[in-house]
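In: any chance you could fold what I've pasted below:
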Amino acid sequence: MTPHTHRSLLLCISLISVLCLAVGLPLSFRLGEDGSSHLFWFWCIATVCVLIGVGAILLYEEMRLGKLQQQVARQTEELKKSEEKYRSLVESTEDFIFTVDATGHFQSLNSFTANFFGGTPSQFIGEPLSVLFSEEVAAQQLRLVRVVFEFRKSVRDEFMVTTGEHQAWLSANFMPVKDEQGKVVSVLCIARDITENKKLENQLVNTEKLASMGTLAAGVAHELNNPLGVMLGFTDLLLEKLAKGSQDYEDLKIIERHSLHCKEVVENLLSFARQEEGVSEYCDINEAINNIINVVRHSLEMKNIDLRFDVAPHLPRVGGDSRQMQQVFLNLVNNAAAAMKGGGILEIKTALSPGQDKVLITVRDNGHGIKEEHMENIFDPFFTTKSEGEGTGLGLFVSHGIVTKYGGTIVCESSSQDGPQGPQGTVFTVTLKAKEGDEL
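Out: Numbers count the residues shown, from 1 in each chain. From the prediction side, this is the model:
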């Protein structure tokens, strides 16, 4: 029964009452005492009808009110469940979610954000952004918050956060939270960890730089080879005319030594730039590494470096020329030895991947490690942290080119000091494709 029906029913009852009054009064005057008796019963019946109608309306209203209360209670419960559901989603997500006011003070934040910084949400409510983020990052975020308040639109940005030794890149979206009048009352930030994406981007940039460098290296190397050959040839002729031990002889030997060093650099460049397409070569990686170990073992012992070679037996052959793979691991061993000038432990381990389609080779040292700011450049040509005269900066550059040429990967993890991320030292992991159906 609708409110319109209620009004109609009340109107009918009122009309009945008026009609009863209009009809009953004239009859009571005309009929005298007999009419009064009939009129009494007439009034009783009319009154009962009116009371029944009013009672029915009141009873229905009470029932309708009860249903409305049940509906409100049900919707309140559903709203409560919906709020709990979304709260659970916010709390369980591994994204940084928080709200701040116009001054950059936290109004709320999810547990993941608080746990990442080593606390609970209640600890940070009312605190400024700088309590979690560095002064530089907090100032950057506050500028974005002010932009959202001013223009009432979402803005995006990326920034890096640091907790201890752990660093993470975040992609953040700052969104306005408005009231019923459309006024911005706070800013909601949802940030996602994009550290892995950043690493992939850097790898892609490095790959493109290496490809460009390979093309450039081929031309430069050929141009340098000719004058180097002439220099070495004439140096050799002059050495034959001079007595050994003379000053001129020693000066020429210095020229020869540095010319040969330049020739070695050029050969490394050519080795990287020379891409042999359509050639599929396979080698026994254990044997290739063992050959290198036999060459460097004595040198490592002289430097008080304990070499540990853990070989996985019956490995399939891997894609790659044996000579070039020896060059890769000779470069890695030499770098590890240079990082352990006071002695240390060098571990080389070979293993088959869980999917048995790749072979993993790890070269681990406990040397001084590589600083965080240098990690992005270690595969760049001519980049080196060694002292002048100790390295050319081409070892890892050439090694990266050889490994990727055969469809493999080479990655590096390093720490310059002991910490939660691992002990001090460097680990290079080389992954090479295994030959299908092959086992030694």
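
In: mind checking how far Ile97 is from Lys241?
Out: In this view, Ile97 and Lys241 are 81 Å apart by Cβ to Cβ, to the nearest Å. Every C-beta, even on glycine, is put in place using the N, C-alpha and C of the backbone.

In: more neighbours, these two?
Out: Remark: of Ile97 and Lys241, Ile97 carries more neighbours, 18 against 9, as counted by other Cβ atoms under 10 Å.

In: for that one, list each beta-bridge partner.
Out: Ile190 (DSSP bridges).

In: show the pLDDT at it.
Out: We have a pLDDT of 88 for Ile97.

In: contact partners for it?
Out: Listed by Cβ atoms under 8 Å, 6 or more residues apart in numbering, the contact partners of Ile97 are Val90, Leu109, Asn110, Phe112, Thr113, Leu188, Cys189, Ile190, Ala191.

In: format those residues as TSV; extra columns: distance to Gln140 and neighbour count.
Out: TSV is the format used below for the contacts of Ile97 (distance: Cβ to Cβ, whole Å; neighbours: other Cβ atoms under 10 Å):
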residue	distance to Gln140	neighbour count
Val90	24	16
Leu109	18	25
Asn110	21	20
Phe112	21	16
Thr113	17	20
Leu188	17	17
Cys189	12	22
Ile190	17	17
Ala191	12	23
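
In: quick check: the farthest pair among those residues?
Out: Phe112 and Leu188 (14.9 Å; Cβ to Cβ).

In: center of this protein - which residue?
Out: Ile194 (2.8 Å; Cα atoms, centre = their mean).

In: give me the distance between that one and Ala168.
Out: 8 Å.

In: helices and strands of this structure: which one bottoms out on pLDDT?
Out: The helix or strand of the chain with the poorest confidence is helix 3-92; it has a mean of 63 (mean pLDDT, DSSP states H and E).

In: show me where the stretch 101-250 of the chain has its helices.
Out: Ranges of helices in the stretch 101-250 of the chain, per DSSP state H, counting those that start in this stretch, are 111-116, 121-124, 135-151, 195-241, 247-273.

In: next, the angle helix 247-273 makes with the fourth one.
Out: It stands for helix 195-241. Angle of helix 195-241 versus helix 247-273, following axes from the mean of the first three to the mean of the last three Cα atoms, to 10 degrees, is 140 degrees.

In: helices and strands around helix 195-241, which ones?
Out: Packing partners of helix 195-241 (3 or more Cβ pairs under 8 Å, 6 or more residues apart in numbering; DSSP states H and E): strand 166-178, helix 247-273, helix 395-405.

In: quick one, that helix and strand 166-178 angle?
Out: Interaxial angle of helix 195-241 relative to strand 166-178 (the same axes, to 10 degrees): 140 degrees.

In: pop the domain breakdown of this structure in here.
Out: 1-92, 93-193, 198-274, 279-440 (automatic domain parsing).

In: any idea which of those domains is most buried?
Out: domain 279-440 (a mean of 17; mean count of other Cβ atoms under 10 Å).

In: roughly how far is that domain from the heart of the chain?
Out: Remark: domain 279-440 is offset 26 Å from the chain centroid, using Cα atoms, centre = their mean, to the nearest Å.

In: quick revisit: worst mean pLDDT among the domains of the chain?
Out: Among the domains of the chain, domain 1-92 carries the lowest mean pLDDT, a mean of 63.

In: thought Ile345 was touching Val363?
Out: No. Here Ile345 lies out of contact with Val363, judged by Cβ atoms under 8 Å, at a distance of 11.7 Å.

In: please consider this matter closed, and thank you.
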